[in-house]
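1. Give me the fold of what follows.
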Amino acid sequence: MAQRVPSTDLLSRLAALEEQVATLRRTGWERDELPLWPTSYTAMAFNDGTVFSTLWEGVMSPRTASLSLGLTFVGDQVTGTNTGGAWQVLLGGAVVWSGTVLPTYTVQYANTVLDLLPYRGQSELLVEIQTRRTSGASTGGRNGNGGSIGLSPRFARLL
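-> Next up, the predicted model:
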């Protein structure tokens, strides 16, 4: 079988390198998506309890430096009373990002980039997204426990 001897000509090697860089620029960056799975069977996972409950989760092997995460939240309204709440993101059981869901019955968006460098040595890292109800009606609603806090991830990209 014939063997190809690589060119030692600097201009030829430079032209080949420029073509490779141009190809990379045309294709853009590739990012891996982290799949997150709901822990309930509803269209938008929700929690009407007053304690934190995991609504979305995923297991990953951290091989990148960061996780870009975007979330969507919405409160509820039961007999004219708006429901507010809190949410948190856990990596390996530790809270790394948290916030509130305002009792305004509107959709809210949050996004951040989480640092994965402290977790790079782990073979499995559990990512959990939790919510709880902190204000609003305490009775009525879908399950009789008052209003619910809905949550859905918009994106989870490993960078």
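2. how close does residue 135 get to residue 94?
-> Going from residue 135 to residue 94 by CB to CB, to the nearest Å gives 26 Å. The C-beta positions use only the backbone N, C-alpha and C, and glycine is treated the same way.
3. the more surrounded of the two?
-> More neighbours surround residue 135 than the other of residue 135 and residue 94, with 19 against 9 (other CB atoms under 10 Å).
4. At which residues are the helices of the chain located?
-> With DSSP state H as the criterion, the chain has helices at 10-27.
5. Below-threshold pLDDT in this protein: ranges please.
-> Low-confidence segments of the chain (pLDDT under 70): 1-7, 26-31, 42-43.
6. Pull out the buried residues from stretch 62-76.
-> Across stretch 62-76, burial judged by 16 or more other CB atoms under 10 Å covers 62, 64, 67, 68, 69, 71, 73, 74, 75, 76.
7. Tell me which of those residues fall in strands.
-> Judged by DSSP state E, the subset of the buried residues of stretch 62-76 located in strands is 67, 68, 69, 71, 73, 74.
8. what's near enough to touch the fourth one?
-> Which is residue 71. 87, 89, 109, 110, 111, 129, 151, 152, 153, 154 (CB atoms under 8 Å, 6 or more residues apart in numbering).
9. can we see that at 7 Å?
-> 110, 129, 151, 153, 154 (CB atoms under 7 Å, 6 or more residues apart in numbering).
10. Against residue 82, how distant is the third one?
-> Distance of residue 151 to residue 82, computed by CB to CB: 17 Å.
11. Of these two, which one has the most company?
-> Using other CB under 10 Å, the more surrounded residue of residue 151 and residue 82 is residue 151, with 22 against 17.
12. got the contact list for that one?
-> 45, 55, 56, 71, 73, 87, 129, 131.
13. Of those, just the buried ones, PyMOL syntax please.
-> Buried residues among the contacts of residue 151 (16+ other CB under 10 Å), as a PyMOL selection:
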select buried, resi 45+55+56+71+73+87+129+131
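14. What is the nearest of the contacts of residue 151 to residue 103?
-> residue 73 (11.6 Å; CB to CB).
15. Quick check: bridge partners of the closest one?
-> On the basis of DSSP bridges, residue 73 is bridged to residue 108, residue 151.
16. In contact with it, which residues?
-> 87, 101, 108, 149, 150, 151.
17. do that again at 10 Å, thanks
-> Shown in contact with residue 73 (CB atoms under 10 Å, 6 or more residues apart in numbering): 44, 85-87, 99-102, 106-110, 131, 149-152.
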